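Asks: The sequence and its predicted three-dimensional model are supplied below.
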Amino acid sequence: MKFDLLHKDPLSKARAGKITTDHGVIETPIFMPVGTVASVKGVHQRELKEDINPDIILGNTYHLYLRPKTEILEKAGGLHKFMNWDRNILTDSGGFQVYSLSGRRKIKEEGVKFKSHIDGSYHFFSPEKVMEIQRTIGADIIMAFDECTPYPCDYRYAKRSMHMTHRWLDRCISHLEKVPTKYGYDQAFFPIVQGSTFKDLRAQSAEYIANAGAVGNAIGGLSVGEPAEEMYEMCEVVTNILPEDKPRYLMGVGTPINILENIALGIDMFDCVMPTRNARNGMLFTSEGFINIKNKKWEDDFSPIDPMGHTWVDLDYSKAYLRHLFVANEYLGKQIATIHNLGFYMWLVREARQQILAGTFYAWKEKMVKQMATRL
């Protein structure tokens, strides 16, 4: 993997860059649609390519390990072939899913024993096993196995967890050297900064991760319930330490406002289930604010879902029609809303990139943050 830093915004730490892998170019800043179980929910791969057009999507190690299982993925020739996706894929390591299982898992130095949410069967993830699973899945970018701490978190627990994440990182790196790639292309490995919402721990972790010398770096353990201002504080601490010449990935973030504010802090990569999950519940993101399409006020509103929507996806439907589909419980409504929201997120990061290249990002970001906080 190669990263080229092309331009920096003069009034913030925002950057425009380019990541090149064996599956193509990823222009940053980038948002990665979440394809947890080898599918971006509600979107056909054809629509994903032609309408939303992301350079990269995300899969999840925990979910793919349980279903369809790594043996099936290996027989298929890896996740790309299994799901008929010839662009980039990133897999997270399952650390966040282990965190979210809470009562179903036990964390020890050796790794994590957990109970499947599907059938109650017991499984064990160690750093070594997670590296082997990600080799078999075959994503272009793979993540270190880490522990994601909850919020709020006791300082002593956060510190102990952070050091264990660092020890797990060393085990990941050591084991990866022994396990070759399987499908004829390279995989890039990203370690993950932890430390909860404690500045000194975040700084320590960022130093440790930077010294690992990986081709890219990630920030985990945020967007887990902490106030947005604390998220931004932690990101600022970390981006001041992580090397400038490598991409920075903020995991699981977030709202359009979160994304713009973190781009301004020097983050390059994002993922979140919010655009797809909210779409299925009728919550739409637009360039003018957010709307609940199920509200009666849209019943006879025949205007486009977004006045700028044609610039990012070819969805020629009115608010009234989309509301009708939701009220009638037609699956098409959820599909249209999902494509719209993902299209908006992709437009947002691509427009941010253009603004960075033009040197006008900061003023544009300030204007957009105000607009997107508006409930229509």
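Replies: Received, thanks.

Asks: Excluding sequence neighbours, find me the nearest residue to Glu207.
Replies: Take Glu207 and drop its neighbours on the chain: the residue closest to it by CB to CB, 6 or more residues apart in numbering is Ile241, 5.9 Å away. Any C-beta I mention is one placed from the backbone N, CA and C, and that applies to glycine too.

Asks: from what I can see that neighbour touches Ala206, true?
Replies: Yes: in this structure Ile241 lies within contact range of Ala206 using CB atoms under 8 Å: 3.9 Å.

Asks: who's more crowded, these two?
Replies: Ala206 (22 against 17; other CB atoms under 10 Å).

Asks: How about the secondary structure of that one?
Replies: Classification of Ala206 using DSSP: H, G, I helix; E, B strand; the rest coil returns helix.

Asks: Thought Cys235 was touching it, still the case?
Replies: No: using CB under 8 Å, Ala206 is not in contact with Cys235; the gap is 10.3 Å.

Asks: Need the residues touching each of the two.
Replies: Counting by CB atoms under 8 Å, 6 or more residues apart in numbering, Ala206 and Cys235 have no shared contacts at all.

Asks: contacting residues for the residue nearest to Glu207?
Replies: Ala203, Ala206, Glu207, Ala210.

Asks: repeat for Asn295
Replies: Neighbours of Asn295 in contact, by CB under 8 Å, 6+ apart: Arg323.

Asks: And for Ile30?
Replies: Counting by CB under 8 Å, 6+ apart, Ile30 has contacts Ile19, Pro54, Asp55, Ile56, Asp268, Met269, Phe270, Val349.

Asks: so, if you compare those, which one comes nearest to Val43?
Replies: Pro54 (10.4 Å; CB to CB).

Asks: And for that closest one, nearest residue in space, chain neighbours not counted?
Replies: Using CB to CB, 6+ apart, the closest residue to Pro54 is Pro33 (5.5 Å).

Asks: what are the phi and psi angles of the one you found?
Replies: phi -60, psi 140 (degrees, to the nearest 10).

Asks: wouldn't it be in contact with Val40 here?
Replies: Yes: using CB under 8 Å, Pro33 is in contact with Val40, at 4.8 Å.

Asks: Give me the common contacts of those two.
Replies: Leu48, Ile57, Thr276, Leu342.

Asks: Need the buried ones from these selected in PyMOL.
Replies: Selection of the buried residues among these in PyMOL, burial being defined by 16 or more other CB atoms under 10 Å:
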select buried, resi 48+57+276+342
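
Asks: nearest to Ile192, of the shared contacts of Pro33 and Val40?
Replies: The closest of the shared contacts of Pro33 and Val40 to Ile192 turns out to be Ile57 (CB to CB; 19.2 Å).

Asks: what about Asp92, how many residues close to it?
Replies: 31.

Asks: make that Asn240, sorry
Replies: 12.

Asks: what's the distance between it and Asp86?
Replies: Distance from Asn240 to Asp86, counting by CB to CB, to the nearest Å: 37 Å.

Asks: now Asn262
Replies: From Asn262 to Asp86 the distance is 29 Å (CB to CB).

Asks: Kindly report the same for Lys370.
Replies: Distance from Lys370 to Asp86, by CB to CB: 39 Å.

Asks: Likewise for Glu299?
Replies: Counting by CB to CB, the gap from Glu299 to Asp86 is 42 Å.

Asks: now do Lys365
Replies: 33 Å.

Asks: How about Met162?
Replies: Met162 is 38 Å from Asp86, by CB to CB.

Asks: now swap in Tyr157 and tell me
Replies: 43 Å.

Asks: Over to Gly213?
Replies: Counting by CB to CB, the gap from Gly213 to Asp86 is 30 Å.

Asks: swap in Ile19?
Replies: 16 Å.

Asks: If you count surrounding residues, which of these two has more?
Replies: Ile19 (26 against 10).

Asks: Look up phi and psi at that one.
Replies: phi -100, psi 130.

Asks: Could you report the neighbour count for the spatially closest residue to Asp301 that is not a sequence neighbour?
Replies: Excluding its sequence neighbours, the residue lying closest to Asp301 (CB to CB, 6+ apart) is Lys319, at 4.3 Å. Using other CB under 10 Å, Lys319 is surrounded by 22 other residues.

Asks: Also the one 3 residues further on?
Replies: The number of residues packed near Leu322 is 26, by other CB under 10 Å.

Asks: Also Pro10?
Replies: Neighbours around Pro10, by other CB under 10 Å: 11.

Asks: For it, give its distance to Phe198.
Replies: Distance from Pro10 to Phe198, by CB to CB: 31 Å.

Asks: Same question for Ile26.
Replies: Counting by CB to CB - Ile26 and Phe198 are separated by 32 Å.

Asks: okay, these two: which has more neighbours?
Replies: Each of Ile26 and Phe198 has its neighbours counted (other CB under 10 Å); Ile26 has more, 25 against 18.

Asks: Tell me what the more buried one is bridged to.
Replies: Ile19 (DSSP bridges).

Asks: Tell me who's in contact with it.
Replies: Ile26 touches Lys18, Ile19, Thr20, Asp55, Ile56, Asn88, counting by CB under 8 Å, 6+ apart.

Asks: Redo those residues as CSV? Include pLDDT and distance to Ser102.
Replies: Listed next are the contacts of Ile26 as CSV, based on pLDDT from 0 to 100; distance: CB to CB, whole Å:
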residue, pLDDT, distance to Ser102
Lys18, 98, 39
Ile19, 98, 34
Thr20, 98, 39
Asp55, 98, 34
Ile56, 98, 30
Asn88, 98, 32
